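> This is a predicted model, with the sequence first.
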Amino acid sequence: MLRRASIIGGSGFTGGELLRLLHGHPDMEIAQVTSRKLAGQPIHRSHPNLRGHVDVNYTTPDEVESCDVLFLCMPHGTAANEIERWRSLAPLVIDLSADFRLRDPAAVERWYGEPHPAPQLLGDAVYGLPELHRDQLQGASLVSGVGCNATSMNLALLPLARAGLIKRVICDIKVGSSEAGADPSAGSMHAVRARTARTYSVSGHRHLAEVEQALGDIDIDATITAIDMVRGVLCTAHVEPTESVQMKDLWKLYRGAYTDEPFVRFVADRSGPHRFPDPRVLVGSNHADVGFAIDERSGRIIAISAIDNLMKGAAGSAIQSMNVALGLNETQGLGFPGLHPA
Amino acid sequence: MTTTATISSNCPECDAPVSFDRPPLNGQIAHCPDCSAELEVTSREPLTLELAPEVEEDWGE
């Protein structure tokens, strides 16, 4: 029997990716998709790739009926205000905003500038990255989405953090324009965004809160730079280690963490043009490519990860988490390997 | 009845097992299945693999 999924706020980029993935998912069917702005219009108004594939018109949020899974794709700070209503409509709610990513109310206020409207629920929500919380996701009723930059850092650094190898780390992150969402801004217009290499967050990006929560109390910062790319995150993490390591040590750590992970691949080749992760080959894919190296002069570890921000960094992880929560095959609906050339 | 024993050693770069279906020749080139390192057979008994020289990519000006 197919399970029915609805999406609140489905006209944005993550909503479009959820629709694409749910359409191809053998265990799911799309029930309702909401957009106040586009209510009554076909979803291909905002997701032209789905014309002829998903024949659904947008409804308003007030018309949403009960379903099996409810995805929330609203701006940060919106979902939490009505979370009880959304949870009354479905036994599984997955919120792709930042509203339920952090467990500590004080951390929410510190990083997002306002107190959380439903702090009593923060402990109930499971952070939706199966590589971190697969056991807790099974049977969960409230799942948070993940930050795309946070995911790139978490997956690059997780094996090193578990081994206590991180004394200090600086992440240099390059991102594509779709990270900014579907609503236009002064920084997103073509004349400003095209052919740029514009650093927009030099330190203290709020996704660091998710990394500190996931990896523990480590000394970390990140610089985020917008580059001429539509999809993708490339994280290059420069790690000052607590002790000297060799490449064989790193291979052992990364194999230990990820060998059984269906969506994490190692890219650390010694030859050829594709030696380290490149987000371009991950467009549309739920894979996270991870690589690593050691600077022989300083002993510094360089850990690199690449993801599609709309997939492993948002909708892909949400579908993967849904699969785990519902007891489905974890990889169901996520088989697309990406494009090359893209 | 004959049996075929797999001949293997470990990659000097990442320590992954590298197997051969038949005894390799000295100088033979193989690739590590994990890290794709190009490996040269430098001894048959004991089987010894060493990293082959790699082509650098340097666009600095």
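Nice, thanks for sending it over.
> How many neighbouring residues does residue B:45 have?
Using other CB atoms under 10 Å in any protein chain shown, the number of residues around residue B:45 comes to 6. (Each C-beta comes from the backbone N, C-alpha and C, glycine too.)
> Residue B:23 versus that one, what's the distance?
From residue B:45 over to residue B:23 the distance is 9 Å, taken as CB to CB, to the nearest Å.
> For residue A:71, which three-state class applies?
strand (DSSP: H, G, I helix; E, B strand; the rest coil).
> Can you report how many residues neighbour the residue in the stretch 101-250 of chain A that chain B sits nearest to?
Closest approach between the stretch 101-250 of chain A and chain B, counting by CB to the nearest CB: residue A:248, at 4.5 Å. Around residue A:248 there are 15 other residues, counting by other CB under 10 Å.
> Next to chain B, which bits of chain A? Give me the list.
Residues of chain A lying near chain B by CB under 8 Å from any CB of the partner chain: A:247-248, A:251-252, A:255, A:266, A:268-273, A:275.
> from the residues you listed, which two are the most distant?
Farthest pair in those (CB to CB) is A:252 and A:273. Separation: 26.9 Å.
> who has more neighbours, these two?
Using other CB under 10 Å, the more surrounded residue of residue A:252 and residue A:273 is residue A:252, with 16 against 7.
> Quick check: the more buried one is in a strand.
No - assigned with three-state DSSP, residue A:252 falls outside any strand and is helix.
> Buried ones in the longest strand along chain B, by neighbour count?
The longest strand of chain B (DSSP state E) is strand B:38-44. Buried residues in strand B:38-44, defined by neighbour count with 16 or more other CB atoms under 10 Å in any protein chain shown: B:38-41.
> same deal with stretch B:8-17?
Buried positions in stretch B:8-17, judged by neighbour count with 16+ other CB under 10 Å: B:9, B:11-15.
> my guess is residue A:325 meets residue A:143, correct?
Yes - using CB atoms under 8 Å, residue A:325 is in contact with residue A:143, at 6.2 Å.
> Show the pLDDT at the residue lying closest to residue B:47 once chain neighbours are set aside.
Among residues not flanking residue B:47 along the chain, residue B:9 sits closest, at 4.5 Å (CB to CB, 6 or more residues apart in numbering or on different chains). Per-residue pLDDT puts residue B:9 at 95.
> show me what contacts residue B:9?
Neighbour list for residue B:9: B:17-18, B:47-49 [criterion: CB atoms under 8 Å, 6 or more residues apart in numbering or on different chains].
> again with residue A:216
residue A:161.
> Please, a PyMOL command that selects the buried ones among the residues of chain A next to chain B?
Command for PyMOL that selects the buried part of the residues of chain A next to chain B, burial taken from 16+ other CB under 10 Å:
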select buried, chain A and resi 247+251+252+255+266+268+269+270+271+275
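> Of the residues of chain A next to chain B, which is the nearest to residue B:28?
Residue B:28 has its nearest neighbour among those in residue A:271, at 16.7 Å by CB to CB.
> And for stretch A:332-342, what's in contact with it?
Under the criterion CB under 8 Å, 6+ apart, residues A:21-22, A:24-28, A:263, A:280-287, A:308, A:316, A:319-320, A:323 lie in contact with stretch A:332-342.
> could you pull out the helices for the stretch 1-150 of chain A?
A:13-23, A:83-89, A:105-112, A:130-137, A:148-162 (DSSP state H, counting those that start in this stretch).
> mind putting the ones you listed in CSV, distance to residue A:338 included?
Formatted as CSV, the helices of the stretch 1-150 of chain A follow (distance: least, CB to CB, whole Å):
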stretch, distance to residue A:338
helix A:13-23, 14
helix A:83-89, 32
helix A:105-112, 32
helix A:130-137, 18
helix A:148-162, 16
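> Reformat the ones you listed as TSV; add mean neighbour count, distance to residue A:186 and mean pLDDT.
Listed next are those as TSV, based on neighbours: other CB atoms under 10 Å in any protein chain shown; distance: least, CB to CB, whole Å; pLDDT from 0 to 100:
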stretch	mean neighbour count	distance to residue A:186	mean pLDDT
helix A:13-23	24	19	98
helix A:83-89	15	31	97
helix A:105-112	16	22	94
helix A:130-137	18	35	98
helix A:148-162	26	21	98
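> before we move on, back to that, who's more crowded, residue A:325 and residue A:143?
Using other CB under 10 Å as the criterion, residue A:325 and residue A:143 rank with residue A:143 on top: 29 against 23.
> I'd like to know how many residues surround the closest residue to residue A:2 other than its chain neighbours.
Leaving aside its chain neighbours, residue A:2 sits nearest to residue A:29 (4.4 Å; criterion: CB to CB, 6+ apart). For residue A:29, the count of nearby residues is 14 (other CB under 10 Å).
> pretty sure residue A:29 is touching residue A:6, no?
No - contact status for residue A:29 versus residue A:6: not in contact, 10.3 Å apart, counting by CB under 8 Å.
> hang on, isn't residue A:195 packed against residue A:227?
No - using CB under 8 Å, residue A:195 is not in contact with residue A:227; the gap is 9.3 Å.
> Chain A: strands as residue ranges?
Secondary structure of chain A by DSSP E: the strands cover A:3-8, A:28-33, A:69-72, A:92-95, A:126-127, A:142-144, A:166-175, A:197-201, A:220-227, A:233-241, A:264-266, A:288-294, A:301-307.
> Can you pull the residues of chain B lying near chain A?
B:13-16, B:34-38, B:51, B:54-55, B:57.
> ok so, going back, in its sheet, what does the longest strand of chain B sit against?
Next to strand B:38-44 in the sheet, as set by DSSP bridges, lie strand B:29-31 (antiparallel), strand B:47-51 (antiparallel).
> For the last one, what is the distance to the chain centroid?
Right, the one you point to is strand B:47-51. Counting by CA atoms, centre = their mean, to the nearest Å, strand B:47-51 is centred 6 Å from the centre of its parent chain.
> Show the average pLDDT along that strand.
Computed over strand B:47-51, the average pLDDT equals 95.
> Mind listing residues that contact it?
A:270, B:7-13, B:18, B:24, B:30, B:37-42.
> With chain B as the reference, measure out to residue A:303.
Distance of residue A:303 to chain B, given as CB to the nearest CB, to the nearest Å: 15 Å.
> got it, and residue A:46?
40 Å.
> what about the nearest residue to that residue once chain neighbours are set aside, how many neighbours?
Among residues not flanking residue A:46 along the chain, residue A:11 sits closest, at 4.3 Å (CB to CB, 6+ apart). By the criterion of other CB under 10 Å, residue A:11 has 23 neighbours.
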